[in-house]
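Visitor: got a predicted structure plus its sequence, pasted below:
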Amino acid sequence: MSTVTLDVLETPAAVVDLGRMEANLQRAADYARQHKLALRPHVKTHKSPLIAAEQLRLGAAGLTCATPYEGEVMSQAGDDLLLAYPPVGAPRAARIAQLAKRARVTVALDSERAIVDMGAAARELGVTVGVYVELDLGMHRVGVPSAANAVTLVRRVQAEASLEYRGIAFYPGHVREPVEEQDAALESLGTALSSALDELAKAGFPAPVVSGGSTPTIWRSHEIAGVTEIRPGTYVFNDRTTAAVGACERDDCALTVLATVVSTAVPGQAVIDAGTKALGREPMRGVEGEGFGALLDRPEVVVARMSEEHGILDLARTDWRPRVGDRVRVVPNHVCIVVHLNDIVYGVRGVTVEESWPVAARGRGQQEIQPA
Ligand SMILES: Cc1ncc(COP(=O)(O)O)c(C=O)c1O
């Protein structure tokens with residue numbers, strides 16, 4: 001078979017440096033093992049059962065999914081799945097219950113309605129679904145605000161024969177300051193978590209699992225007393241935001257968008273064929289940084305503006321004068337969105353394309369409605 005090199009790929013294309021990805025996976029697996037934390041990676045970043053299988057091979061305790069479709073696809077790779085998203089609504093709950101026929105399934109939830117929906121769907125199929133009760137420890141997205149609310153929900157879970165209380169979940173997504181400046185945020189997180197766990201234990205519901213974790217806080221997870229399981233997702237590829245936060249080096253960013261310069265007609269800028277439909281419109285969050293991505297080799301050159309298929313590179317801070325037809329690699333601000341915009345991801349070593357894989361859990365796996 002002849003060697004395929006980067007220059008023959010049609011652009012825009014999502015390209016993963018395999019060496020960097022392997023190192024990212026290994027680093028997190030080693031960290032979790034060293035600190036005796038169960039690693040349950042969130043698959044929303046890669047959406048690939050092949051990478052999930054590698055995470056499990058390296059010691060992951062199970063997988064975290066957001067959508068029922070991610071769960072269905074990931075059941076090809078592993079049989080212990082957390083759906084870290086409220087199982088609200090009969091259609092969603094029914095799909096999750098189906099999944100529980102072939103995998104150990106746990107859901108994270110924060111409402112009576114979710115308990116009713118999930119309980120009924122599981123009962124209907126004669127399966128057991130585990131439950132983590134979700135606490136809000138500062139992100140203010142989902143999660144009950146107090147341990148007293150959590151106790152009420154645990155009692156309610158225990159009243160459903162088809163559900164099993166398996167622990168507590170929280171997501172520290174609000175901690176986005178640079179890693180070395182996270183002390184105060186982690187301390188208040190730890191204090192709130194400890195007191196909630198104490199209250200749950202006093203009420204007779206000690207949490208068998210305490211599931212938290214994110215990529216910006218990944219290397220400091222062991223400092224949050226009580227956490228037993230972490231769910232980072234972005235760490236597999238990393239991105240410009242993760243590097244700016246200091247949770248990885250720039251050289252740990254494994255996924256770039258390969259793009260071609262398609263116009264230099266307007267002075268002071270170059271246009272690439274990666275716009276919002278290749279990069280998403282993701283700003284840097286929590287940290288300084290302009291634009292929607294930066295060039296791998298020239299971080300001073302950012303994607304300043306975008307249309308759907310056009311990305312405008314700002315050349316104000318560089319002497320580099322690209323020519324039409326030149327190729328560039330863009331480190332995206334938020335990699336999870338980029339993966340989700342692609343059908344195929346290409347794995348490279350140097351300029352050699354060694355493999356490619358489908359973004360198998362992309363989309364929602366919806367069924368078409370057949371006309372009656
Ligand atoms: C509930 C939950 N857990 C874990 C993660 C993974 O966090 P990160 O993207 O920082 O790796 C996410 C990310 O959105 C999430 O929503």
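Guide: Cool, got the structure. Numbering: from 1, shown residues only.
Visitor: dump the longest strand belonging to the chain to CSV, keeping only the CA atoms.
Guide: Criterion DSSP state E: the longest strand present in the chain is strand 255-263. The C-alpha coordinates for strand 255-263 follow below in CSV (Å, rounded to 0.1, in the frame of the first residue of the first chain):
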residue,chain,number,x,y,z
LEU,A,255,-6.2,17.7,17.0
THR,A,256,-5.9,20.4,14.4
VAL,A,257,-8.1,21.4,11.5
LEU,A,258,-6.1,21.1,8.3
ALA,A,259,-7.1,24.0,6.0
THR,A,260,-6.1,25.6,2.7
VAL,A,261,-5.6,29.3,2.1
VAL,A,262,-8.2,30.1,-0.6
SER,A,263,-7.8,33.9,-0.9
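Visitor: what residues of it count as buried?
Guide: For strand 255-263, the neighbour count (16 or more other C-beta atoms under 10 Å) marks 255, 256, 257, 258, 259, 260, 261, 262 as buried. C-beta here means a position set from N, CA and C on the backbone, and glycine is covered the same way.
Visitor: which residues are in contact with the last one?
Guide: So the one you mean is residue 262. Taking C-beta atoms under 8 Å, 6 or more residues apart in numbering, we find residue 262 in contact with 271, 272, 273, 310, 324.
Visitor: now do the helices in the stretch 101-250 of the chain.
Guide: All helices of the stretch 101-250 of the chain, identified by DSSP state H, counting those that start in this stretch, fall at 112-125, 147-158, 183-202, 240-245.
Visitor: which residues touch the third one?
Guide: It stands for helix 183-202. With C-beta under 8 Å, 6+ apart, helix 183-202 has contacts from 135, 137-138, 146-148, 150-151, 154, 168, 170, 172, 174-175, 177, 206-207, 210, 212, 217, 220, 223-227.
Visitor: only the buried subset of those residues, as a ChimeraX command please.
Guide: Applying 16+ other C-beta under 10 Å to the contacts of helix 183-202, the buried members can be selected in ChimeraX as follows:
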select :135,137,138,147,150,151,154,168,170,172,174,175,177,207,210,212,217,220,224,226,227
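Visitor: write out the residues of the stretch 1-150 of the chain neighbouring the ligand.
Guide: Counting by C-beta under 6 Å from any ligand atom, the residues of the stretch 1-150 of the chain close to the ligand are 42, 64, 84.
Visitor: tabulate these (a markdown table), appending secondary structure, neighbour count and distance to residue 161.
Guide: Formatted as a markdown table, these follow (DSSP: H, G, I helix; E, B strand; the rest coil; neighbours: other C-beta atoms under 10 Å; distance: C-beta to C-beta, whole Å):
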| residue | secondary structure | neighbour count | distance to residue 161 |
| --- | --- | --- | --- |
| 42 | strand | 25 | 30 |
| 64 | strand | 29 | 26 |
| 84 | coil | 23 | 24 |
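Visitor: tell me who's in contact with the residue nearest to residue 120 when sequence neighbours are not counted.
Guide: Leaving aside its sequence neighbours, residue 120 sits nearest to residue 93 (C-beta to C-beta, 6 or more residues apart in numbering; 7.1 Å). Residue 93 is in contact with 87, 117, 118, 120, 121, 122, counting by C-beta under 8 Å, 6+ apart.
Visitor: show me where the stretch 251-372 of the chain dips below the pLDDT cut-off.
Guide: Along the stretch 251-372 of the chain, the model assigns pLDDT under 70 to no residue.
Visitor: which of the contacts of residue 93 count as buried?
Guide: Buried, going by 16+ other C-beta under 10 Å: 87, 117, 118, 121, 122, out of the contacts of residue 93.
Visitor: closest one to residue 242 out of those, please.
Guide: residue 87 (29.1 Å; C-beta to C-beta).
Visitor: from residue 24, how far out is the residue nearest to residue 88 when sequence neighbours are not counted?
Guide: Leaving out its chain neighbours, the residue that sits closest to residue 88 by C-beta to C-beta, 6+ apart is residue 114, at 5.0 Å. According to C-beta to C-beta, to the nearest Å, residue 114 stands 33 Å off from residue 24.
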